[in-house]
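Okay, here's the prediction I keep looking at, along with the sequence it came from:
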Amino acid sequence: MHVDRNEFHPLEVDRIREDFPIFAGDSPIAYLDSAASSQTARCVLEAMDGYYESYRSNIHRGIYHISEEATAAYEDARQKIARFISARRASQVVFTRNTTESINLVAHSWGNANIGRDDEILLTVMEHHSNLVPWQLLAERTGATLRFIEVTDEGLLQLDDLDQLLTERTKLVAITHVSNVLGTINPVWEITAAAHSVGATVLIDAAQSVPHLPVDAQALDCDFLAFSGHKMCGPTGVGVLYGKRELLEEMPPFLGGGSMIRAVQRERSTYADVPARFEAGTPAIAEAIGLGHAVDYLEKIGLDAVHAHEQQIIDYAHQKLSEIDGITIYGPKPRMKAGVITFNLEGIHPHDLAGVLDTTGVAVRAGHHCAQPLMQHYGVIATARASFYLYNTMEDVDRLYDGALKAQNLLARRQG
Ligand code: PMP
């Protein structure tokens, strides 16, 4: 089938690309790995430079003006993030290092206090290892059992089984909002409502949703939500745990040290209120401030517009890549997913494909994508994955297509 990419009209992408220094110059990279880590917007870099150049100091303790300025900027970022995900209060936003740390915080603090040996934790087969291994460790500590929602061959959750899987033993349901491998957008609202009907607590891994879709934590009614700054035009080293206030308030600390205490004696201590209770030590101050500016940037463009743009690109990518002989594309139809396309080319290892693509300036990820149980479900060891964001263009898809054909020619010739 002939595909005309001019049928699609990406939204002001040329202007958006000017906001990302990495795309300056005559032969910019076709960066198709934003699901691993996005590029950083210039306004984020400037905000971080502003902190380092003008008011760098520690927060919450200094009685001098630049420390007060840093504290205000850090707390302002918390407010912005709370508004971005529609949290009721800023104190429900805990700064962590990343999604992984947010989930581990819940697994230790909430999990140790609430999970016992007769309890069950319900996950899905499409979880990133970050939302699997912490629960395996908790199950090892407590004797609890892990159960799994299966994945259909189309890459959707097998929700017909949900009624049998959710019982009065289910204490926690931990699920990804958007699969980092397949791009599947899961119906997390429905799953959360079903989980709550048996009294289970719900954690949503929003690492791949908060950067790409409008996410309203109150409307989802989830108990915990975890995401990373580096996947949403922000810096590395800062992530977020959102939690319902009553849950966070009853949770014991995760890490101990400075900033998280109320009073310390030789033998014991009392702890600060949330969110400080969960932010031991000096946090990633510049990074949190940078993330606040990333949120401003994304809000200005609008998450609906970002999602619509990715839908157009993913439609085009599906049509275009489907023309390639010997391609297998994993996951659901474009309309049911975010901007991720995962595939294999017959007879070509995805690492070799990624290597050839790199020689043409196209960056994709190849491997198991930290989702080995999902790879096992599909009976593959690895796949290639292209993931798109607000700065990607239809030309990027064309370059991916051309590079894939080049890989087929080169590697077939080598084998022949
Ligand atoms: N969950 C999902 C769905 C992800 O895609 C990722 C990152 N690939 C993570 C969790 C982990 O994020 P981080 O490495 O920032 O902790």
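Noted; the coordinates are in hand. Residues are numbered from 1 along each chain as shown.

Alpha carbons of stretch 322-334, as CSV, please.
Taking only C-alpha atoms (Å, rounded to 0.1, in the frame of the first residue of the first chain), the coordinates of stretch 322-334 have been written out as CSV:
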residue,chain,number,x,y,z
SER,A,322,4.1,-2.7,7.5
GLU,A,323,5.3,-2.3,3.9
ILE,A,324,8.6,-4.0,4.9
ASP,A,325,8.9,-7.7,4.0
GLY,A,326,9.6,-9.9,7.0
ILE,A,327,8.6,-7.4,9.7
THR,A,328,6.7,-8.5,12.8
ILE,A,329,5.1,-5.6,14.7
TYR,A,330,4.1,-6.4,18.3
GLY,A,331,1.3,-4.8,20.2
PRO,A,332,-2.1,-3.3,19.5
LYS,A,333,-3.4,-1.1,16.7
PRO,A,334,-2.2,2.5,16.7
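
and residue 160, how many neighbours does it have?
10 (other Cβ atoms under 10 Å). From N, CA and C alone the C-beta is placed, and that goes for glycine too.

Can you tell me the SS state at it?
Here residue 160 is recorded as helix under DSSP: H, G, I helix; E, B strand; the rest coil.

how long is stretch 275-288 end to end?
Distance between the two ends of stretch 275-288: 14 Å, counting by Cα to Cα, to the nearest Å.

That one: how far from the chain's middle?
Stretch 275-288 sits 20 Å away from the centroid of its parent chain (Cα atoms, centre = their mean, to the nearest Å).

buried sites along that stretch?
Neighbour counts over stretch 275-288 (16 or more other Cβ atoms under 10 Å) mark 275, 276, 277, 278, 279, 280, 283, 284, 285, 286, 287, 288 as buried.

Stretch 317-330 now?
Judged by neighbour count (16+ other Cβ under 10 Å), stretch 317-330 contains these buried residues: 317, 318, 319, 320, 321, 327, 329, 330.

Now do the end-to-end distance for that stretch.
With Cα to Cα, one end of stretch 317-330 sits 13 Å from the other.

Give me the mean pLDDT for stretch 211-228.
In this model, stretch 211-228 carries a mean pLDDT of 98.

Can we start the residue count at 793 from this point?
Sure, I'll start counting at 793 from here, so that last one is stretch 1003-1020.

Using PDB, write out the CA atom coordinates for it.
Output of stretch 1003-1020 as PDB, limited to C-alpha atoms (Å, rounded to 0.1, in the frame of the first residue of the first chain):
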ATOM      1  CA  PRO A1003       5.000  12.500  29.800                       C
ATOM      2  CA  HIS A1004       2.600  11.700  27.000                       C
ATOM      3  CA  LEU A1005      -1.100  11.900  28.000                       C
ATOM      4  CA  PRO A1006      -3.100  14.000  30.300                       C
ATOM      5  CA  VAL A1007      -3.100  12.200  33.600                       C
ATOM      6  CA  ASP A1008      -5.500  13.100  36.500                       C
ATOM      7  CA  ALA A1009      -4.500  11.300  39.700                       C
ATOM      8  CA  GLN A1010      -7.800  12.200  41.400                       C
ATOM      9  CA  ALA A1011     -10.000  11.100  38.500                       C
ATOM     10  CA  LEU A1012      -8.000   7.800  38.200                       C
ATOM     11  CA  ASP A1013      -8.500   7.400  42.000                       C
ATOM     12  CA  CYS A1014      -5.200   5.500  42.300                       C
ATOM     13  CA  ASP A1015      -3.600   5.300  45.600                       C
ATOM     14  CA  PHE A1016       0.000   5.700  44.300                       C
ATOM     15  CA  LEU A1017       1.400   7.000  41.000                       C
ATOM     16  CA  ALA A1018       5.000   6.900  40.000                       C
ATOM     17  CA  PHE A1019       6.900   8.600  37.200                       C
ATOM     18  CA  SER A1020      10.400  10.000  36.200                       C
END
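
which of the residues in that stretch are buried?
Neighbour counts over stretch 1003-1020 (16+ other Cβ under 10 Å) mark 1003-1005, 1007, 1009, 1012, 1014-1020 as buried.

circling back: among the buried residues of stretch 1067-1080, which two are most distant?
By the measure Cβ to Cβ, 1069 and 1078 form the most distant pair in those, at 22.6 Å.

still on that earlier bit, reformat the buried residues of stretch 1109-1122 as JSON lines; add pLDDT.
JSON lines is the format used below for the buried residues of stretch 1109-1122 (pLDDT from 0 to 100):
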{"residue": "1109", "pLDDT": "98"}
{"residue": "1110", "pLDDT": "97"}
{"residue": "1111", "pLDDT": "97"}
{"residue": "1112", "pLDDT": "98"}
{"residue": "1113", "pLDDT": "98"}
{"residue": "1119", "pLDDT": "97"}
{"residue": "1121", "pLDDT": "97"}
{"residue": "1122", "pLDDT": "97"}
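
From the residues you listed, which land in strands?
Applying DSSP state E to the buried residues of stretch 1109-1122, the entries found in strands are 1119, 1121, 1122.

Now flag whichever of the residues you listed is closest to the ligand.
residue 1122 (15.5 Å; Cβ to the nearest ligand atom).

Surely that closest one is in contact with residue 1134?
Yes - using Cβ atoms under 8 Å, residue 1122 is in contact with residue 1134, at 4.7 Å.

Mutual contacts of these two, please.
Shared contacts of residue 1122 and residue 1134 (Cβ atoms under 8 Å, 6 or more residues apart in numbering): 973, 974, 1175.

Take the residues you listed and keep only those in strands.
Using DSSP E, residue 1175 are the members of the shared contacts of residue 1122 and residue 1134 that sit in strands.

List buried residues within the shared contacts of residue 1122 and residue 1134.
973, 974, 1175.

So for the residue nearest the centre of the chain, what's the nearest residue that isn't a sequence neighbour?
Most central in the chain under Cα atoms, centre = their mean is residue 999, positioned 1.5 Å from the mean C-alpha point. With Cβ to Cβ, 6 or more residues apart in numbering as the criterion, residue 999 has its nearest non-adjacent residue at 4.2 Å, and that residue is residue 891.

Which residues lie in contact with the one you found in this structure?
Here residue 891 is in contact with 922, 997, 998, 999, 1018, 1019, 1020, 1031 (Cβ under 8 Å, 6+ apart).
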